[in-house]
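[1] below: sequence and its predicted model.
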Amino acid sequence: DTGVSQDPRHKITKRGQNVTFRCDPISEHNRLYWYRQTLGQGPEFLTYFQNEAQLEKSRLLSDRFSAERPKGSFSTLEIQRTEQGDSAMYLCASSPGRGYTDTQYFGPGTRLTVL
Amino acid sequence: QKEVEQNSGPLSVPEGAIASLNCTYSDRGSQSFFWYRQYSGKSPELIMSIYSNGDKEDGRFTAQLNKASQYVSLLIRDSQPSDSATYLCALLASGTYKYIFGTGTRLKVLA
C-alpha cells in the first residue's frame, strides 16, 4: 500500500493560465475526494467521486474548476483561468467506501501559487 | 453556526502534561468522527476515528464522544514537543459521504 500520491507537489503559474493536478488514490479505494486548504483554515470540501461517478460538488466550486476520475482510478482537478484567490493547498484523499466506518487518508497535497 | 467548531488556539501545554482539544458539531445525524494531525506545510494525518459514545484509547491518545452534547474531544497524555501541530476535528456528514472539517486547534508543547 503506497498511499495517496499527488502530482505536482508545487505549481507556480501566472494569472489566467490553466493548471491540472493529478491524484492517485490508495489502490482499491472506491472514493476519492478533493479539498482546498488555505492558511489557518481546515480542508474545504470541493468534490468527491464514488468510482468514476462524481457524486457531489461544492457550491463554492466555480465553473472554472472541473474534476474527473476516468475508469475510477486516478483523478484530475483542472482550474481554468486561474486567479490569485486560487492560491492554496489542494488536497486529495481516498477512502475504501465502507459505510459509516469509512475513513479517508490524505495525499501530500499540491501547493498552487498564482502570481 | 459552523458545522464543526474548534478553538483556533494556540493551546500551550508543558512537556509531559495532558493536552485537551475540543470540538463541537451541529449535525445530529452524524455517526463518524475523526481527529487529524497536521504539521505546518504538510497534509493531514489520521490519528483516530470514533463512532460510539464514550472513550476510545490508542497509545497516548484518547478520543471522547458525546453525541447528546454534540461534543468530541481528544486527549494527548504525556505531551511531547513533537506533538506540536494543528489538530483537525472532522465528521462524516449524515446522509452523504462528505467529510466536514473544523478550522483546527494549534497545539504548542513547550519543552
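    Right, received. Where do you want to start?

[2] for chain A, give the residue positioned nearest to chain B.
    Among the residues of chain A, A:Gly42 lies closest to chain B, at 3.5 Å counting by C-beta to the nearest C-beta. All C-beta spots, glycine's among them, are computed from the backbone N, C-alpha and C.

[3] helices and strands of chain A: which one bottoms out on pLDDT?
    Across the helices and strands of chain A, mean confidence by mean pLDDT, DSSP states H and E is lowest for strand A:53-57: a mean of 91.

[4] which elements pack onto the following helix or strand past that one?
    Next along the chain after strand A:53-57, taking DSSP states H and E as the criterion, comes strand A:65-68. Contact partners of strand A:65-68 among helices and strands, from 3 or more C-beta pairs under 8 Å, 6 or more residues apart in numbering or on different chains; DSSP states H and E: strand A:44-50, strand A:53-57, strand A:75-79.

[5] what's the closest of the ones you listed to B:Leu11?
    strand A:44-50 (23.0 Å; C-beta to C-beta).

[6] and the closest one, is it in reach of chain B?
    Yes: judged by C-beta under 8 Å from any C-beta of the partner chain, strand A:44-50 comes into contact with chain B through A:Glu44, A:Phe45, A:Tyr48, A:Gln50.

[7] next, format the residues you listed as JSON lines and append pLDDT and neighbour count.
    Putting those into JSON lines (pLDDT from 0 to 100; neighbours: other C-beta atoms under 10 Å in any protein chain shown) gives the following:
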{"residue": "A:Glu44", "pLDDT": "94", "neighbour count": "17"}
{"residue": "A:Phe45", "pLDDT": "94", "neighbour count": "21"}
{"residue": "A:Tyr48", "pLDDT": "94", "neighbour count": "27"}
{"residue": "A:Gln50", "pLDDT": "93", "neighbour count": "16"}
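
[8] including distance to B:Thr105, could the helices and strands packed on strand A:65-68 go into a markdown table?
    Putting the helices and strands packed on strand A:65-68 into a markdown table (distance: least, C-beta to C-beta, whole Å) gives the following:
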| stretch | distance to B:Thr105 |
| --- | --- |
| strand A:44-50 | 17 |
| strand A:53-57 | 27 |
| strand A:75-79 | 28 |
